[in-house]
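K.L.:
Next come a sequence and a model predicted from it.
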Amino acid sequence: MAANGLEQSLLDAVRDGEMLDLAGDGPADEAAMRSWDDAHTVSAALIRDLVRGRRDIAADPHGLRLRGARITGRVDLANITSGLRVELVDCFVPDGLNLCDSQLPGLVLDGSCFGHSAGSHDPPVDAARFTAPTMTMRGAVANADTPFGAVRFFGAHLGLLDCDGARLGNTSGPALHAEFLRVDHSVYLRDGFRATGVGEQGAVRFAYAHLGRLACDGARLENTSGPALHADGLRVDRAVFLRAGFRATGAGDSVLALNGVSVGSLWLDTSGVTRSGQAAGALVGIDGLTYADLPAPVGLSRWLELLRVHTPGYSAQPYQQLAAVHRAAGHDSEVRDILTAQRRDQIDRGRLRRRDRAWARFTGLALGFGYQPWRALLLLFAVLAGSVALAVVLGGPGGGLEHTARASTPTAPCSVVERVGVGLDLGLPVVKTGAQDLCAPTGTRAGQNLTVAGWLLQLAAWAFATLFIAGFTGAVRKT
């Protein structure tokens with residue numbers, strides 16, 4: 001088909017609302033695209049003219065619909081506000097597509113392959129500040145060598161973004177750069193979506209974006225020198241899905257950077273999240289992450305392991321957030337477990353002074369950090385039992401106890417019942433039986449040992465009783 005004939009065929013298709021299919025039943029993969037000849041070639045200038053309405057045709061509401069074309073030149077739709085819907089399906093666009101500051105009623109790029117000119121830093125698909133109700137890139141391919149991203153949505157505003165099955169790669173920066181992107185409904189990165197990038201901006205970057213929903217089930221993100229997903233400051237009104245085969249490999253401070261993210265519901269499974277080359281470091285950064293519902297699909301024990309082992313360092317906020325949603329759900333027992341785990345993590349990784357760490361370890365043993373005051377009560381009972389046993393043993397044949405002058409038989413050995421009473425007096429901090437008025441330690445070695453032990457037992461009894469009261473009233477709880 002001659003060039004003029006092909007151009008006329010496209011004009012006729014736009015007028016009639018039909019798709020001009022140049023691939024037919026033939027293959028439309030990247031290898032086939034690179035072999036297409038003039039029979040598949042459409043100029044980028046023609047597409048720009050059609051979108052601008054500069055050709056003398058009445059375009060059908062179905063818009064510009066083209067399949068299986070090799071588009072020569074960079075498709076420049078920048079700064080255009082048009083009522084023409086554009087579909088470039090299974091097209092080869094080696095010099096890329098520029099949508100900066102443009103507005104279209106819809107854009108379909110399914111199955112198309114994008115690149116950029118050698119030496120150019122322009123992203124293969126540059127949609128910075130682009131506006132459209134719907135944009136789809138299902139199964140699309142974009143390969144780049146630019147610090148600005150293989151596909152860039154910086155500051156764009158879309159109703160829906162569907163990139164299911166897309167394959168994006170960049171050897172000099174992020175694969176998907178969507179900082180400050182706004183999507184009213186959903187962003188779909190599912191069903192084999194793959195993004196490979198390098199650098200601290202992340203393979204996929206959603207920093208400070210505002211989305212209705214983010215679904216990454218089955219996605220695979222890779223970055224050898226930075227995070228796989230960089231979403232610090234992201235706001236998602238409904239839910240984020242990082243599960244069902246979601247895999248991410250990255251480096252840097254964390255593989256998934258989710259600091260300061262705000263979501264309605266969070267579905268996060270880190271079983272497929274790994275460090276590049278098994279390098280040391282954290283899997284997730286979630287300081288400041290907030291969510292309204294209980295996180296899923298993993299259970300509480302896995303979440304606590306994630307917070308304790310796979311975050312860059314101790315922070316109170318992730319524990320407090322997790323405790324808050326469990327408290328709202330009425331899970332009081334789980335709340336205590338979370339806050340106890342937080343205190344343990346603070347001891348292990350927090351920047352506590354030596355004396356504060358020692359006190360925390362002691363209250364952890366005695367009170368469960370204030371959330372299990374019954375431990376102090378058990379220790380008080382243990383002190384009481386020990387004091388009774390000590391009084392019975394040392395006050396018996398060893399002569400450690402004898403009657404006082406107030407007894408009816410002064411200097412006589414004390415009975416077992418009297419020795420038990422002395423032990424109770426030693427172990428009880430407030431209540432006294434009066435046994436020590438009639439039965440007292442002697443000057444023998446056993447009696448002296450019992451006297452010294454009595455001082456220590458009294459001190460321990462008062463300490464555990466005080467800790468029990470403090471723990472019961474919550475005075476020693478610290479977050």
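P.N.:
Received it, and whenever you're ready, just let me know what you need.
K.L.:
okay, CA-based contacts and neighbour counts for the rest of this
P.N.:
Fine.
K.L.:
Quick check: phi and psi at the residue lying closest to Ser265 once chain neighbours are set aside.
P.N.:
Nearest-residue entry for Ser265: Ala239, 4.4 Å, with adjacent residues in sequence omitted and distances by C-alpha to C-alpha, 6 or more residues apart in numbering. Main-chain dihedrals, Ala239, degrees, to the nearest 10: phi -140, psi 150.
K.L.:
Likewise for Leu242?
P.N.:
In terms of degrees, to the nearest 10, the main-chain angles of Leu242 are phi -120, psi 80.
K.L.:
Tell me if I'm right that it and Asp269 touch.
P.N.:
Yes. Contact criterion C-alpha atoms under 8 Å: Leu242 and Asp269 qualify, at 6.2 Å.
K.L.:
Just want to know which of the two has more residues nearby.
P.N.:
Leu242 (25 against 20; other C-alpha atoms under 10 Å).
K.L.:
The more buried one: what's it in contact with?
P.N.:
By C-alpha atoms under 8 Å, 6 or more residues apart in numbering, the residues touching Leu242 are 215-217, 267-269.
K.L.:
With Ala44 instead?
P.N.:
Per C-alpha under 8 Å, 6+ apart, neighbours of Ala44: 71-76.
K.L.:
repeat that for 7 Å
P.N.:
By C-alpha atoms under 7 Å, 6 or more residues apart in numbering, the residues touching Ala44 are 71-75.
K.L.:
now do His210
P.N.:
Taking C-alpha under 7 Å, 6+ apart, we find His210 in contact with 180-183, 234-236.
K.L.:
Show me where this structure has its helices.
P.N.:
3-16, 30-34, 44-52, 300-309, 316-328, 332-349, 354-367, 374-394, 416-427, 445-473 (DSSP state H).
K.L.:
Show me what the last one is packed against.
P.N.:
Based on contacts counted as 3 or more C-alpha pairs under 7 Å, 6 or more residues apart in numbering; DSSP states H and E, the elements that helix 445-473 packs against are helix 374-394, helix 416-427, strand 439-441.
K.L.:
Equivalent analysis for the fifth one, please.
P.N.:
Of the remaining helices and strands, those touching helix 316-328 by 3+ C-alpha pairs under 7 Å, 6+ apart are helix 332-349.
K.L.:
Mind doing that once more with 10 Å?
P.N.:
strand 290-291, helix 300-309, helix 332-349 (3 or more C-alpha pairs under 10 Å, 6 or more residues apart in numbering; DSSP states H and E).
K.L.:
Could you take the ones you listed and lay them out as a markdown table, with extra columns for distance to Arg205, mean pLDDT and mean neighbour count?
P.N.:
Output for the helices and strands packed on helix 316-328, formatted as a markdown table (distance: least, C-alpha to C-alpha, whole Å; pLDDT from 0 to 100; neighbours: other C-alpha atoms under 10 Å):
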| stretch | distance to Arg205 | mean pLDDT | mean neighbour count |
| --- | --- | --- | --- |
| strand 290-291 | 19 | 94 | 23 |
| helix 300-309 | 22 | 90 | 17 |
| helix 332-349 | 29 | 83 | 19 |
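K.L.:
can you put these in a markdown table and add distance to Val141?
P.N.:
Converted to a markdown table, the helices and strands packed on helix 316-328 look like this (distance: least, C-alpha to C-alpha, whole Å):
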| stretch | distance to Val141 |
| --- | --- |
| strand 290-291 | 33 |
| helix 300-309 | 34 |
| helix 332-349 | 43 |
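K.L.:
I'd like to know which of the ones you listed is closest to Gly386.
P.N.:
helix 332-349 (29.0 Å; C-alpha to C-alpha).
K.L.:
and that closest one, what does it pack onto?
P.N.:
Using 3+ C-alpha pairs under 10 Å, 6+ apart, the elements in contact with helix 332-349 are helix 300-309, helix 316-328, helix 354-367.
K.L.:
Could I get the contacting residues of Leu10?
P.N.:
Residues in contact with Leu10 (C-alpha atoms under 10 Å, 6 or more residues apart in numbering) are 16, 18-21, 42, 46-47, 50, 64-66.
K.L.:
likewise Ala323?
P.N.:
Applying C-alpha under 10 Å, 6+ apart, we find Ala323 in contact with 294, 317, 329, 331-332, 334-339, 342.
K.L.:
so where's the stretch 151-300 of the chain shaky on pLDDT?
P.N.:
Applying pLDDT under 70 to the stretch 151-300 of the chain picks out residues 278-279.
K.L.:
Would you map the strands across the stretch 1-150 of the chain?
P.N.:
Taking DSSP state E, counting those that start in this stretch to define them, one finds strands in the stretch 1-150 of the chain at 20-21, 41-43, 64-67, 70-72, 75-76, 86-89, 92-93, 97-98, 107-108, 113-114, 125-126, 131-136, 141-144.
K.L.:
can you redo those strands as CSV with distance to Glu305?
P.N.:
Below are these laid out as CSV (distance: least, C-alpha to C-alpha, whole Å):
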stretch, distance to Glu305
strand 20-21, 54
strand 41-43, 56
strand 64-67, 50
strand 70-72, 51
strand 75-76, 49
strand 86-89, 45
strand 92-93, 47
strand 97-98, 45
strand 107-108, 43
strand 113-114, 42
strand 125-126, 40
strand 131-136, 38
strand 141-144, 37
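K.L.:
Quick one: those as CSV, columns for distance to Val309 and mean neighbour count too.
P.N.:
Conversion of those to CSV gives the following (distance: least, C-alpha to C-alpha, whole Å; neighbours: other C-alpha atoms under 10 Å):
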stretch, distance to Val309, mean neighbour count
strand 20-21, 54, 18
strand 41-43, 55, 19
strand 64-67, 50, 23
strand 70-72, 51, 21
strand 75-76, 48, 20
strand 86-89, 46, 22
strand 92-93, 46, 28
strand 97-98, 44, 23
strand 107-108, 43, 20
strand 113-114, 41, 28
strand 125-126, 39, 26
strand 131-136, 38, 21
strand 141-144, 36, 26
